[in-house]
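**Q** I would like to see how this sequence folds:
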Amino acid sequence: MVQKDIHDQWLQWMQQTHIPEVMQTGCFTHYQFVKLLDTDETEGLTYATQYFAESKSQYNMYIEKFATLLRNQATQKWGNATIGFRSFMQIIAQ
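**A** The predicted structure is shown next:
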């Protein structure tokens, strides 16, 4: 969830800085950045970013080498004006 007062700046940062930095790690083949619809936007807007890795080892490399730094950068920049969580998922069907 992203608070409305920082939404525009956060959205620009995600598209121009954070997502490109994650992709530059070489751990992911592609990504999908979406806005959740039909949600209560009283406190803010909700987005999801999915990163796709070729293997669990590629994902593990990201976690081991890059995740902490990139997550800390986000926390330093936005504090608690955003709420995020991470999930590891497997595609069952497309």
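
**Q** can you tell me which helix in this protein is longest?
**A** helix 68-78 (DSSP state H).

**Q** give me the low-pLDDT residue ranges for the protein?
**A** Along the chain, segments meeting pLDDT under 70 are nowhere present.

**Q** Which stretches in it count as helices?
**A** Counting by DSSP H, the helices of the chain are 7-13, 19-24, 56-62, 68-78.

**Q** contacts for the longest helix of the chain?
**A** The contact list for helix 68-78 (Cβ atoms under 8 Å, 6 or more residues apart in numbering) reads Ile6, Trp10, Trp13, His18, Glu21, Val22, Thr82, Gly84. Bear in mind the C-beta positions are built from the backbone N, C-alpha and C, glycine included.

**Q** Name the residues of it that come out as buried.
**A** Ala74, Trp78 (16 or more other Cβ atoms under 10 Å).

**Q** before we move on, the earlier item: with distance to Asp40 added, can I get the helices of the chain in a markdown table?
**A** Listed next are the helices of the chain as a markdown table, based on distance: least, Cβ to Cβ, whole Å:
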| stretch | distance to Asp40 |
| --- | --- |
| helix 7-13 | 15 |
| helix 19-24 | 25 |
| helix 56-62 | 31 |
| helix 68-78 | 21 |
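
**Q** which one of those helices lies closest to Thr46?
**A** helix 7-13 (10.9 Å; Cβ to Cβ).

**Q** what residues does that closest one touch?
**A** Against helix 7-13 from outside (Cβ under 8 Å, 6+ apart): Val2, Gly44, Leu45, Tyr47, Lys77, Trp78, Ala81, Thr82.

**Q** right, and the helices of the chain - which one's nearest Gln90?
**A** Using Cβ to Cβ, the helices of the chain put helix 56-62 closest to Gln90, at 9.3 Å.

**Q** Would you quantify the distance from the closest residue to Ala53 other than its chain neighbours to Val22?
**A** Leaving aside its sequence neighbours, Ala53 sits nearest to Tyr59 (Cβ to Cβ, 6 or more residues apart in numbering; 4.4 Å). Tyr59 sits 12 Å away from Val22, going by Cβ to Cβ, to the nearest Å.
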